[in-house]
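In: Predicted model and sequence below, questions to follow.
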Amino acid sequence: MTSTLTISRLTKTFGGVHALSDVSLRVEPGERVALLGHNGAGKSTMMKIILGLIAPDSGDISVCGAAPGGALARSKVAYLPENAAFHSALTGLEQITHYMRLRGVDPAGAMDLLDRVGLAHAARRRIGTYSKGMRQRVGLAQALIGHPALLVLDEPTSGLDPVSRRDFYELLDTLAAEGAAILLSSHALTEVEARTDRLLILSGGKMVAEGTLTDLRSKAALPVAMQITAINGYDRDIMAVFPDAIRIGDRLQLSCAQADKLATLAQISALRGKVADLDVIPPSLEDIYSHFSRRDGQ
Ligand SMILES: Nc1ncnc2c1ncn2[C@@H]1O[C@H](COP(=O)(O)OP(=O)(O)OP(=O)(O)O)[C@@H](O)[C@H]1O
């Protein structure tokens, strides 16, 4: 299978700033990949290179087997900027019809596209009357013109309410199931944790981590927290076994290395009769993200 996007040893500097250093990645058809990184990590630079808006200093990049910016790559890639701006006097239908004509696609399908993003009911209303979530849907409809093989989405859910976010990701799931590759940047870590197949973490222009959340969790090897609720009066017995446990409200919290997790659970299990409840709390994506992002002294 040919990868939809292949990037190999990409480097880009602006003056003395290393925006991207030796970055490589692949995105396969149907994959949903999240690009994470703090402000200035290099996410937008990478997107601009994929779109063919700027050229790298060195490295190779191919979009559906073609060079970015050329006619073939442009016909295969769609882009949704973070704050897509539309003409407020046009209706959603007029705006999408206009974009379809620009792209050389039959505008007869404009209503179907708006229906796909849940905007059919408002298609004949002016965009100036749309909510932020509705304008974002116009942006997505625009991005879907011509069945792109790769969707590049820059913080697509920033400013959306939880229900609009869920709807947005459900639509992305459908597109991915149809074979589109999706590369989206985000600062909303918990959201992408649940909604993407793979995470890429850029820090200071370098790719510092790549993989599924399970991969990253195991590479980071961060400690696991366990919170024990003691049966009344047995706190001391539990503290005797786990002297480093700290009290948080009415619970005792201890932390153990990943490798010691089962042994610690066995110790807790041996305290049966003294323990009312137990929660095992794995490191969050925020913890894992900070772990990798800090590596570079950020
Ligand atoms: N045209 C430019 N001229 C000079 N420096 C630039 C230019 N574009 C980007 N940079 C620098 O390159 C680095 C990476 O910027 P980039 O915009 O790619 O980061 P980002 O991860 O998209 O950040 P954000 O989350 O804030 O959008 C930053 O240090 C930025 O200041």
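Out: All right, it came through fine.
In: Flag the shaky bits of the chain, pLDDT-wise.
Out: Low-confidence segments of the chain (pLDDT under 70): 1, 294-298.
In: Three-state assignment for the residue positioned nearest the centre of it, please.
Out: The centroid of the chain falls nearest to Ala34 when counting by CA atoms, centre = their mean (3.0 Å). At Ala34 the chain is in strand, as set by DSSP: H, G, I helix; E, B strand; the rest coil.
In: Likewise for the one 5 residues further on?
Out: Secondary structure assignment for Asn39 (three-state DSSP): coil.
In: beta partners for the residue nearest to the centre of the chain?
Out: Beta bridges link Ala34 to Leu184, Leu199 when assigned by DSSP bridges.
In: from memory it sits against Ile201, does it?
Out: No: under the criterion of CB atoms under 8 Å, Ala34 makes no contact with Ile201, lying 9.1 Å away. No exception for glycine: its C-beta is placed from N, CA and C like everyone else's.
In: What residues does the most far-flung residue of the chain relative to its centre make contact with?
Out: Here the centre of the chain is the reference, and by CA atoms, centre = their mean the most remote residue is Gly233, at 45.6 Å. By CB atoms under 8 Å, 6 or more residues apart in numbering, the contact set of Gly233 is empty.
In: for it, phi and psi?
Out: The phi/psi pair for Gly233 (degrees, to the nearest 10) reads phi 90, psi -10.
In: One more: Ala108?
Out: The phi/psi pair for Ala108 (degrees, to the nearest 10) is phi -60, psi -20.
In: gap between it and the ligand?
Out: 37 Å (CB to the nearest ligand atom, to the nearest Å).
In: for the ligand, what are the nearby residues on the chain?
Out: Residues of the chain lying near the ligand by CB under 6 Å from any ligand atom: 14, 17, 19, 37, 39-45.
In: thinking again about what came up before, show me what contacts the residue nearest to the centre of the chain?
Out: 184-186, 192, 195-196, 198-200.
In: likewise Thr6?
Out: 26, 60-62.
In: which of those has the most neighbours?
Out: The member of the contacts of Thr6 surrounded by the most neighbours (other CB atoms under 10 Å) is Ile61, with 23 neighbours in all.
In: Show residues contacting the helix ranked longest in the chain.
Out: Across the chain, the longest stretch assigned as helix under DSSP state H is helix 162-177. For helix 162-177, contacts defined as CB under 8 Å, 6+ apart pick out 30-32, 116-118, 133, 136-137, 140, 144, 151, 156-157, 160, 182, 184, 191, 195.
In: mind running it again at 6 Å?
Out: Helix 162-177 is contacted from outside by 30, 32, 133, 157, 182, 195, using CB atoms under 6 Å, 6 or more residues apart in numbering.
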